[in-house]
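Asker: sequence? don't have it. structure:
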């Protein structure tokens, strides 16, 4: 398993967790940006993101990189929050995002996750969407998997 994060602090926390747990497989941690993944093309079976695509500065490049490093039959698994289909909620997401980004590590509330995934060269095989409990502008979820198109 390979973990990727640009933050030395978060990687340090991950290393501590790995040391304190009995993982049944080796774990390699890389300090790098998702926009420039330091791995060979077609080298991974699976890429997983969880509540990540909202904060990556150049999400389009990052998704293209994820597609690049996946094997042709590889899978991209994701759980993300993003743009709601409800126009009233979308307006709130657009209003709140500039402030929200500043207080929440760059998080965008209004990214159209399924469209971004498809535009990056993936074919979505399964997707479920809907609201979690909480305020609608921050709880519209996308969960699914995709393959390189």
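Answerer: Thanks, I have it. Note that the coordinates shown come from a computational prediction; the quantities given were computed from them, not determined experimentally. Numbering: from 1, shown residues only.
Asker: what's the domain layout of the chain?
Answerer: When the chain is parsed with automatic domain parsing, its domains come out as 1-32, 35-148.
Asker: winner for burial among those domains?
Answerer: Of the domains of the chain, the one with the most neighbours on average (mean count of other CB atoms under 10 Å) is domain 35-148, at a mean of 16. All C-beta spots, glycine's among them, are computed from the backbone N, C-alpha and C.
Asker: any chance you could map the helices in this structure?
Answerer: Residue ranges of the helices in the chain, as given by DSSP state H, are 8-20, 59-69, 87-103, 113-119, 136-139.
Asker: lowest-confidence helix or strand of this structure?
Answerer: helix 8-20 (a mean of 93; mean pLDDT, DSSP states H and E).
Asker: what's next to that one, contact-wise?
Answerer: 3, 5, 27, 29, 31 (CB atoms under 8 Å, 6 or more residues apart in numbering).
Asker: Output the residues you listed as TSV; include the columns distance to residue 43 and pLDDT.
Answerer: Formatted as TSV, these follow (distance: CB to CB, whole Å; pLDDT from 0 to 100):
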residue	distance to residue 43	pLDDT
3	15	95
5	18	95
27	16	92
29	16	96
31	18	97
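Asker: Please flag which of those residues sit within strands.
Answerer: 3, 5, 29, 31 (DSSP state E).
Asker: who's in contact with the second one?
Answerer: In other words, residue 5. Contacts of residue 5 (CB under 8 Å, 6+ apart): 11, 14, 29, 30, 31, 32.
Asker: which of these sit farthest apart?
Answerer: By the measure CB to CB, 14 and 32 form the most distant pair in those, at 13.5 Å.
Asker: which stretch in the domains of the chain is the model least sure about?
Answerer: Among the domains of the chain, domain 1-32 has the lowest mean pLDDT, at a mean of 92.
Asker: and that domain, how far apart are its ends?
Answerer: Taking CA to CA, to the nearest Å, domain 1-32 runs 15 Å from one end to the other.
Asker: That domain: how far from the chain's middle?
Answerer: 17 Å (CA atoms, centre = their mean, to the nearest Å).
Asker: now stretch 24-43
Answerer: With CA atoms, centre = their mean, you get 14 Å for stretch 24-43.
Asker: Start and end of that stretch, how far apart?
Answerer: In stretch 24-43, first residue to last residue: 21 Å (CA to CA).
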